[in-house]
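Student: build me a model from this:
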Amino acid sequence: MLTAPCVLVLAGCAASMERTYRGEYFLNFENSVLTPEDGGPRLCVRSPQLAERLGAQGATVRAKVAVRGQVSGKGHYCGLGAYERVLTVTEIVDISD
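Tutor: Presented below is the predicted three-dimensional model:
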């Protein structure tokens with residue numbers, strides 16, 4: 001009897017678990033955004049280490065990235081609440097131009 005409720009609870013958690021995201025990263029003084037290569041919605045990015053690694057000190061930066069992280073629940077994130085979800089990066093997997 002306890003198996004079905006436990007499976008439902010774990011299924012609900014799966015949406016917010018950490019995974020790898022790949023796509024085009026864009027950073028400027030107002031935005032930090034990932035456009036996923038799988039065509040999903042653009043994500044606001046929370047990652048000081050990614051900006052630092054790209055050497056973005058007041059510059060506009062674009063790069064192809066692969067990062068591990070966790071996506072938030074729906075809300076209003078980044079500049080003027082323009083993005084529905086925020087990606088909190090826990091690991092940089094790859095960066096290329």
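Student: now the residue nearest the centre of the chain: how far from V65?
Tutor: In the chain, the residue lying closest to the centroid (CA atoms, centre = their mean) is L87, at 2.7 Å. Per CB to CB, to the nearest Å, L87 is found 11 Å from V65. In this view, the C-beta of every residue, glycine as well, is placed from N, C-alpha and C.
Student: and for the strand or helix carrying A66, what's in contact with it?
Tutor: A66 belongs to strand 61-71 when assigned by DSSP states H and E. Strand 61-71 is contacted from outside by 15-28, 34, 43, 47, 50-51, 54-55, 85-97, using CB atoms under 8 Å, 6 or more residues apart in numbering.
Student: helices - which of the residues you listed land there?
Tutor: With DSSP state H as the criterion, helices contain L50, A51 from among the contacts of strand 61-71.
Student: quick one, which of the contacts of strand 61-71 are buried?
Tutor: Among these, the ones that count as buried by 16 or more other CB atoms under 10 Å are 21, 23, 25-27, 34, 43, 47, 50-51, 54, 85-87, 89, 92.
Student: coming back round to it: avg pLDDT for the strand holding A66?
Tutor: Taken as a whole, strand 61-71 carries a mean pLDDT of 96.
Student: and stretch 86-97, by the same measure?
Tutor: On average, stretch 86-97 scores 94.
Student: can I get the CA coordinates of it in PDB?
Tutor: The C-alpha atoms that make up stretch 86-97 are tabulated as PDB, following Å, rounded to 0.1, in the frame of the first residue of the first chain:
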ATOM      1  CA  VAL A  86      15.900  30.200 -13.000                       C
ATOM      2  CA  LEU A  87      18.700  27.700 -13.400                       C
ATOM      3  CA  THR A  88      21.100  27.500 -10.400                       C
ATOM      4  CA  VAL A  89      24.400  26.100 -11.800                       C
ATOM      5  CA  THR A  90      26.300  23.700  -9.500                       C
ATOM      6  CA  GLU A  91      29.000  22.600 -12.000                       C
ATOM      7  CA  ILE A  92      30.400  23.800 -15.300                       C
ATOM      8  CA  VAL A  93      30.800  20.800 -17.600                       C
ATOM      9  CA  ASP A  94      32.100  22.500 -20.800                       C
ATOM     10  CA  ILE A  95      32.400  25.900 -22.400                       C
ATOM     11  CA  SER A  96      33.100  26.600 -26.100                       C
ATOM     12  CA  ASP A  97      32.800  29.500 -28.500                       C
END
